[in-house]
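Student: Below is the sequence, then the predicted model.
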Amino acid sequence: MVSCLKQIGYFLILAFLLTLALTGSHVRAASEEFISYPAVNPVKIDGKFTAASEWNDTAQVPLSYGTQGVVGYFASKYDSQFIYFVWDFVADNKVFHGNSTIVYPDQVCLWFDISNDRTDRPGENDYNVCVMNTGSGSTGVQVYLSRGTGSDWSSWSETTEFSSRSLLTASPNSDKPHLVYEFRMPVTFANIKSHMRDYGVGFATEVWDGNTRVNAYLPSNISYDSPRTWATLTFSSIAIPEFFSQPVLVSSLILLLAVVAIYKHRDT
């Protein structure tokens, strides 16, 4: 009997550890390396979670700001044509287009060090892309691009090379309306495709709320003028299995099996 109880105890411990591991596969802690996974579910660039499952085939990374804690989530995935990004900015519940006092509207920004050479100053292979919630045009956002000069950044210029959208909407992370940004980049941009199977690219990102002046960075301690402080965006060749992207379902099944084992033991 003691031996059997020990076996059940080991089973429960294993179930608990597996639950933690599976949960971690869906929402990952911020680190110096972020992973873009192969897209399994299609992405529609409409500024919202078109379906609850639209982004559950990749890992969400929490965005934190000071004592406020987690203010949103970031994720990326890719296919043969595009790299996709989403920012689920759950703390930003009011659209801000900028004014005479605060020039910059609500926005998200990305920085890319294409060759990942981690220089002290932005070089010609370094790019800054910002999606600004200006309320203009058919999508309500404008996308601006800047390139490194070797010592600084060039002036921003508006570009139509990328697709992006932002809406005030609910999401799987919060049922209250908040800003969601979606962004699509061609893999042909700056020849990024040739680096996707190597060591990845230098990378950083930011969300900015003009109303509250909350800005959260990944990684949290970056200097956007210094690529050596950025993280790395790597591209996994292995997709996250859909079954394992539902950690609550998996862990529930494991615990159910444990309960069945206990009752079987009691019956004997």
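Tutor: Sure, I can see it.
Student: May I have the beta-bridge partners of residue 129?
Tutor: Residues in a beta bridge with residue 129, per DSSP bridges, are residue 110, residue 145.
Student: ok, it touching residue 112?
Tutor: Yes - Residue 129 sits in contact with residue 112 when judged by CB atoms under 8 Å, with a separation of 7.5 Å. (Each C-beta comes from the backbone N, C-alpha and C, glycine too.)
Student: Pick out whichever of those two has more residues nearby.
Tutor: For residue 129 versus residue 112, neighbours defined as other CB atoms under 10 Å are more numerous around residue 112 (26 against 23).
Student: which residue packs closest to the more buried one, ignoring adjacent ones?
Tutor: residue 127 (4.7 Å; CB to CB, 6 or more residues apart in numbering).
Student: and residue 53, how far is that from residue 194?
Tutor: Using CB to CB, to the nearest Å, we find residue 53 at a distance of 31 Å from residue 194.
Student: hey, which strand is longest across this structure?
Tutor: Taking DSSP state E as the assignment, the strand of the chain that covers the most residues is strand 174-186.
Student: about what we covered before: tell me which of residue 53 and residue 194 has more neighbours.
Tutor: Neighbour tally, residue 53 and residue 194, criterion other CB under 10 Å: the higher count belongs to residue 53, 14 against 11.
Student: Wait, that one touches residue 39, no?
Tutor: No - in this structure residue 53 lies outside contact range of residue 39 using CB under 8 Å: 11.9 Å.
Student: Look up how far residue 211 lies from the residue nearest to residue 112.
Tutor: For residue 127, the distance to residue 211 - CB to CB - is 28 Å.
Student: If you count surrounding residues, which of these two has more?
Tutor: residue 127 (22 against 12).
Student: who touches that one in this structure?
Tutor: Applying CB atoms under 8 Å, 6 or more residues apart in numbering to residue 127 gives the contacts 111, 112, 114, 145, 146, 147, 148, 190.
Student: Counting neighbours, what do you get for the fifth one?
Tutor: Counted by other CB under 10 Å, the residues lying close to residue 146 total 20.
Student: what sits against it?
Tutor: Residue 146 makes contact with 127, 128, 129, 130, 153, 154, 155, 156, 157 under the criterion CB under 8 Å, 6+ apart.
Student: Let me know the pLDDT of it.
Tutor: Model confidence at residue 146, expressed as pLDDT, equals 98.
Student: go on, the third one?
Tutor: Per-residue confidence (pLDDT) for residue 114: 96.
Student: Which phi and psi values does the closest residue to it other than its chain neighbours adopt?
Tutor: Using CB to CB, 6+ apart and skipping the chain neighbours, the partner closest in space to residue 114 is residue 125 (4.5 Å). As for residue 125, its main-chain torsions (degrees, to the nearest 10) stand at phi -100, psi 10.
Student: thinking again about what came up before, now the very next helix or strand once past the longest strand of the chain against strand 174-186, angle please.
Tutor: In the C-terminal direction, the helix or strand that comes right after strand 174-186 (DSSP states H and E) is strand 201-209. Between the axis of strand 201-209 and that of strand 174-186 there is an angle of 140 degrees, by axes from the mean of the first three to the mean of the last three CA atoms, to 10 degrees.
Student: Okay then, goodbye and thanks.
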